[in-house]
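> Just a sequence and a predicted model for now, questions to come.
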Protein chains: 4
Amino acid sequence: EFFLERKFIQKKTKERALYSHKGNYGHVMVIAGSEGMTGASTIATKAAVKSGAGLTTLISCEDALQAVRNFVPEAMWKKNDDSQGIETLMGKVNSIAIGPGLGKSNETLNNVKRVLKNTDGTIVIDADAINVLEGKTNLLKEAKGNVIITPHPGEMARLTGMEIKKIQSDRIEIAKEFAREYGVIVVLKGYNTIITNGEVSYINPTGNGAMANGGMGDCLTGIIASLCAQGYSPMDASCIGVYAHGECGDKVSEHKFVVTATDIIDNISKTIKELT
Amino acid sequence: EFFLERKFIQKKTKERALYSHKGNYGHVMVIAGSEGMTGASTIATKAAVKSGAGLTTLISCEDALQAVRNFVPEAMWKKNDDSQGIETLMGKVNSIAIGPGLGKSNETLNNVKRVLKNTDGTIVIDADAINVLEGKTNLLKEAKGNVIITPHPGEMARLTGMEIKKIQSDRIEIAKEFAREYGVIVVLKGYNTIITNGEVSYINPTGNGAMANGGMGDCLTGIIASLCAQGYSPMDASCIGVYAHGECGDKVSEHKFVVTATDIIDNISKTIKELT
Amino acid sequence: EFFLERKFIQKKTKERALYSHKGNYGHVMVIAGSEGMTGASTIATKAAVKSGAGLTTLISCEDALQAVRNFVPEAMWKKNDDSQGIETLMGKVNSIAIGPGLGKSNETLNNVKRVLKNTDGTIVIDADAINVLEGKTNLLKEAKGNVIITPHPGEMARLTGMEIKKIQSDRIEIAKEFAREYGVIVVLKGYNTIITNGEVSYINPTGNGAMANGGMGDCLTGIIASLCAQGYSPMDASCIGVYAHGECGDKVSEHKFVVTATDIIDNISKTIKELT
Amino acid sequence: EFFLERKFIQKKTKERALYSHKGNYGHVMVIAGSEGMTGASTIATKAAVKSGAGLTTLISCEDALQAVRNFVPEAMWKKNDDSQGIETLMGKVNSIAIGPGLGKSNETLNNVKRVLKNTDGTIVIDADAINVLEGKTNLLKEAKGNVIITPHPGEMARLTGMEIKKIQSDRIEIAKEFAREYGVIVVLKGYNTIITNGEVSYINPTGNGAMANGGMGDCLTGIIASLCAQGYSPMDASCIGVYAHGECGDKVSEHKFVVTATDIIDNISKTIKELT
């Protein structure tokens, strides 16, 4: 394992070419949000936009869409009952972030299946989209595209059937093992987040306790999916995303007691710039 | 009685631990807002989020929820007619702020009763949730959890059946007496706000007339409930909340004629940081 | 006539007393906004809040109320079809701003009549509330409260039945004459805005062409009504409001090509502070 | 052809006269937005407001209007099914921006026809309003008013029936030829945007790859239409708009990884000011 070093991240993070157009930076689909948890979806969407995706489309319930129209005018949107339209779009986008605020339901499980089957873009699976895979992790092996999962320790426990304590005591090995078995990248969140594809593993040094509050993970999911759409490899996108997300939080926390998701959204573009 | 000194507050206010996660900072429920007074609920909710709660959920009417989805994407929400879901959540949260913009109605009284009965977290009772207790103050004695009430002098008058003049002429003793009798913490607002549990009493030196406008109290309620959820004792949360709210207003008022609730919300995280 | 001098305005504009509470700064009612012109109402409302009113309530159509809940959480609101509730509130507020975005209709005329009859607070009549008085200016004489009208030259022409050119060529005398005849204060807008009660007249030196765009007048209306509610005399409120509104625009225009209403709203509290 | 030089742009961009009023800066109509693509319309509208139009009215679907009421209170709005009201207003406005987020549909084509027929103001045709002209470019010859079209290379390809590669290899000549044939101004976007009326052609040096993301073009359309309404000639408005839009993006990109439409909106007024 390696500690992610700033220089390593800086080498991977590229300034945009002068001659480029929005088609060069891909299209992110965000599938997120449900009654009572709409913010998870608007946060993930805005994080994707502010991290540089060429286009971003949110799939969600009407309450969330109403909010996203105000909160991120740059994003496009589609109602979650437009199955046909969503599947068609799934075939075209470069990455899909699925999970934040979706709720643990059959519908969520079906959405995860649909994504695994219909896209060859990179899939970032988070939150309730992880929870519904409890006991069904083999579904991950059927993915057409690359998969990144971003559990916090509690979600990793549910996914593996282990206890949280066990996860915490052997974080790196468990993450590596899972990554190897299912052919996915695991971003195991928490202090010193692990990023591993089962072969190479990184430990993230950025981030702090002021970031510990609802919405922070949704934000990271949007950032990683955005970087994937822009052409970074799933592993590079995960490393840059995790590092930048934490560094952004470190800077804001210098003068704020708590760093919330909107603080990250307001500053992530500046932080990534400083890493180029 | 003691004047709250900056050093005393600084000693109580802790930086967050590096290794912490959102579960360490608790869950605040805000029960607030009704037709015509939705802003009270969105302000209290955002104040709770920006003061550092791990999770925050607003219970309110549809008009308020629509606004909160735009104004605080970090917050979760639940419609006020979902009785079952609300009671279940009440049993899990760490603190409940009730009152801002609720209106003086039977429904509000019933909500207060429900909260007193169903949570063992700390309860912050403000505004109309105080007003409906007129003549029914004995209900406070049945609370399962700790109770903080945050009346301004007019609300204190209604609650005690005294005239405002009487309250104003003997603020400290009346607040102490009420706190002792009902086993609650009283935060009697106004210039030199009193915080007392009947035994120890503090007088707050911060705050100013530029803060005298609608929404300012809703803001304080959110801040105190947020600090309670984070693990501060009800007395410490009240002292830190009142002091920080006033200091934040003092700083903004250096360059603004009027300090409104959104000014506090935008700056409270910075102010609390300076107190750690 | 006198040019409004900065020192004169500074003498009139008072810091808020340390011991004051929101009841000391009055309650403004804003009656504004209709289909297609909702922004006029949300701008006037936020301008009132940010200029220091103790409480502010917007009366408008549902589309405008939906926006105000997001844009100014500090404000309260009431739907424009709640006649009974509105009339009751009219009897309690300290000032009423009526007109921005109301549309030229019978309903607007009826609203103007209702305000003139039901409040003894100060009434600020602007925009379409001026336009519907064409040929009915005698209604102004029946006002229970003090009246301020804030026409631009086109509105003044409609009100008096004169041509705009005539108004422009003799602005001060026409404004004074109208003020004297109807017992109102006239704020005749445009470059070098006139403020007159028929006896004393002031010419405002602040403001500039970057401010020439829709919503700017709605903003001024909210500011003047707010100052009235805070206890400034109608004449002082008009002078301070016009001067501060222009000075705020002058400052913003130093680094912006165009100054819009939201620029004023974001900066008016700072500008008024500098005048205390 | 000439490279647009800063001095040349500065000479054309005028400070506003002290004595002016909002009538001097015209009225822009924006026809934009549809289901799933509402942000295009709110972005174009706010860009028009922040670039200095006297009045701005958005014509769109209810979802977009709901967002515009929050996002740009300075703008007026009209629902897109109010045919009579829209046609009446078309006869009065000084410029019309049509296309962003409209969708490629018969309705869009009919709207373009309606605009070409009903206004003698300047028409800025963008996005889907360009796409529906595929094979019907002769409609452009029937325009009552001046026409500016703002295609990116893909849209130019559709419009001309050429391949994108062909467009890219001979950008200036193809743009000039199209401008000459149809009597329009062509703003062919991309790195080194071309502005040509078929006789004089300019090449824009500003702008960068950080601006390559959805909404950026909608923003430019709003800016150009706004400048047209303010009295700049269609050619001058196009040159100033393109130059300022790019320069604004250049400045923001100095400290941000990605520049999005809201970044431009927040800074365009400052950038244009620096060009006066």
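Sure, I can see it. Please read these numbers as outputs of a predicted model, since none were measured by experiment.
> quick one, helices of chain A?
A:6-12, A:39-50, A:62-71, A:83-90, A:106-118, A:128-131, A:153-160, A:164-169, A:171-182, A:216-229, A:234-253, A:261-275 (DSSP state H).
> and the stretch 51-200 of chain A, which residues reach chain B?
Counting by CB under 8 Å from any CB of the partner chain, the stretch 51-200 of chain A comes close to chain B at A:63, A:64, A:66, A:67, A:70, A:71, A:152, A:190, A:191. (Each C-beta comes from the backbone N, C-alpha and C, glycine too.)
> Packed most tightly, which of the helices of chain A would that be?
Counting by mean count of other CB atoms under 10 Å in any protein chain shown, helix A:39-50 has the highest mean neighbour count of the helices of chain A, with a mean of 34.
> Is chain C within reach of that helix?
No - figure legend: helix A:39-50 not in contact with chain C (CB under 8 Å from any CB); closest approach 13.3 Å.
> surely residue A:160 meets residue A:179?
No - counting by CB atoms under 8 Å, residue A:160 does not reach residue A:179; the two are 11.7 Å apart.
> Are there residues contacting both of these two? Which ones?
Overlap of the contact sets of residue A:160 and residue A:179 (by CB atoms under 8 Å, 6 or more residues apart in numbering or on different chains) is empty.
> that older thread, what is the lowest-pLDDT residue among the residues of the stretch 51-200 of chain A next to chain B?
Across those, the member with the lowest pLDDT is residue A:191, scoring 87.
> Relative to residue B:19, how far out is that one?
Between residue A:191 and residue B:19 the computed distance is 5 Å (CB to CB, to the nearest Å).
> Have a look at these two and say which one is more surrounded.
Set residue A:191 next to residue B:19 and count neighbours by other CB atoms under 10 Å in any protein chain shown: residue A:191 wins out with 16 against 12.
> for the more buried one, what are its contacts?
Contacts for residue A:191 (CB under 8 Å, 6+ apart) come out as A:207, B:18, B:19, B:20, B:21.
> Can you name the residues in contact with stretch A:75-92?
So stretch A:75-92 is contacted by A:27, A:29, A:31, A:45-46, A:48-49, A:55-62, A:65, A:68-69, A:96, A:114-115, A:118-119, D:36-39, D:214 (CB under 8 Å, 6+ apart).
> ok, and the most crowded of the contacts of residue A:191?
Most neighbours among those, by other CB under 10 Å: residue A:207, with 26 neighbours.
> Ramachandran coordinates for that one?
Dihedral pair for residue A:207: phi 100, psi 160, per degrees, to the nearest 10.
> Isn't residue A:49 up against residue A:74?
Yes - between residue A:49 and residue A:74 there is a contact at 4.8 Å, judged by CB under 8 Å.
> Now do the contacts for residue A:225.
Residue A:225 touches A:28, A:30, A:44, A:48, A:53, A:95, A:96, A:97, A:122, A:124, A:237, counting by CB under 8 Å, 6+ apart.
> Just put the helices of chain A in JSON lines and tack on distance to residue B:261.
Shown next, in JSON lines, are the helices of chain A (distance: least, CB to CB, whole Å):
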{"stretch": "helix A:6-12", "distance to residue B:261": "39"}
{"stretch": "helix A:39-50", "distance to residue B:261": "20"}
{"stretch": "helix A:62-71", "distance to residue B:261": "20"}
{"stretch": "helix A:83-90", "distance to residue B:261": "40"}
{"stretch": "helix A:106-118", "distance to residue B:261": "36"}
{"stretch": "helix A:128-131", "distance to residue B:261": "33"}
{"stretch": "helix A:153-160", "distance to residue B:261": "35"}
{"stretch": "helix A:164-169", "distance to residue B:261": "39"}
{"stretch": "helix A:171-182", "distance to residue B:261": "42"}
{"stretch": "helix A:216-229", "distance to residue B:261": "24"}
{"stretch": "helix A:234-253", "distance to residue B:261": "22"}
{"stretch": "helix A:261-275", "distance to residue B:261": "17"}
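> which one of these lies closest to residue C:265?
helix A:62-71 (17.5 Å; CB to CB).
> So is that closest one next to chain C?
Yes - part of helix A:62-71 sits near chain C under the criterion CB under 8 Å from any CB, namely residue A:70.
> Which neighbouring elements make contact with that helix?
Helix A:62-71 is packed against helix A:39-50, strand A:55-60, strand A:76-79, helix B:62-71, helix D:62-71, with contacts defined by 3 or more CB pairs under 8 Å, 6 or more residues apart in numbering or on different chains; DSSP states H and E.
> Quick one: end-to-end length of stretch A:93-108, please.
Stretch A:93-108 has its terminal residues 20 Å apart, counting by CA to CA, to the nearest Å.
> Residue ranges in the stretch 51-200 of chain A under the pLDDT threshold?
By pLDDT under 70, the stretch 51-200 of chain A has no low-scoring segment.
> Write out the residues of it neighbouring chain C.
Counting by CB under 8 Å from any CB, the residues of the stretch 51-200 of chain A that sit close to chain C are residue A:70.
> give me the residue from the stretch 51-200 of chain A nearest chain C.
Nearest residue of the stretch 51-200 of chain A to chain C: residue A:70, at 6.9 Å (CB to the nearest CB).
> give the contact list for that residue.
Counted by CB under 8 Å, 6+ apart, residue A:70 has contacts B:70, C:70, D:67, D:70, D:71.
> could the contacts of residue A:191 go into TSV alongside pLDDT and distance to chain C?
Shown next, in TSV, are the contacts of residue A:191 (pLDDT from 0 to 100; distance: CB to the nearest CB, whole Å):
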residue	pLDDT	distance to chain C
A:207	97	31
B:18	84	34
B:19	82	35
B:20	87	30
B:21	90	30
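> center of chain A - which residue?
By CA atoms, centre = their mean, chain A has its centre lying nearest to residue A:221, at 1.8 Å.
> for it, what are its contacts?
Neighbours of residue A:221 in contact, by CB under 8 Å, 6+ apart: A:44, A:47, A:97, A:99, A:100, A:124, A:126, A:127, A:150.
> Which one of these is nearest to chain D?
Taking those together and measuring to chain D by CB to the nearest CB, the closest member is residue A:47, at 11.7 Å.
> Relative to residue B:71, how far out is the residue lying closest to the closest one once chain neighbours are set aside?
Nearest non-adjacent residue to residue A:47, counting by CB to CB, 6 or more residues apart in numbering or on different chains: residue A:222, 3.0 Å away. Distance, residue A:222 to residue B:71, using CB to CB: 20 Å.
> Equivalent analysis for residue A:123, please.
Counting by CB to CB - residue A:123 and residue B:71 are separated by 31 Å.
> got it, and residue A:238?
32 Å.
> For the stretch 151-276 of chain A, which residues are neighbours of chain D?
Going by CB under 8 Å from any CB, the residues of the stretch 151-276 of chain A near chain D are A:269, A:270, A:272, A:273, A:276.
> dump the residue contacts of the fourth one.
Under the criterion of CB under 8 Å, 6+ apart, the contact list for residue A:273 reads D:253, D:255, D:256, D:257.
> how near is residue A:192 to residue B:18?
From residue A:192 across to residue B:18, the span is 10 Å (CB to CB).
> Let me fix that, I meant to ask about residue A:180.
Counting by CB to CB - residue A:180 and residue B:18 are separated by 30 Å.
> okay, and the common contacts of residue A:49 and residue A:74?
Common neighbours of residue A:49 and residue A:74 (CB under 8 Å, 6+ apart) are A:56, D:213, D:260.
> neighbours of the closest residue to the last one other than its chain neighbours, just the number please.
When you say that, I think you mean residue D:260. The spatially closest residue to residue D:260, leaving aside those adjacent along the chain, is residue A:74, at 5.0 Å (CB to CB, 6+ apart). Burial of residue A:74 is recorded as 26 neighbouring residues (other CB under 10 Å).
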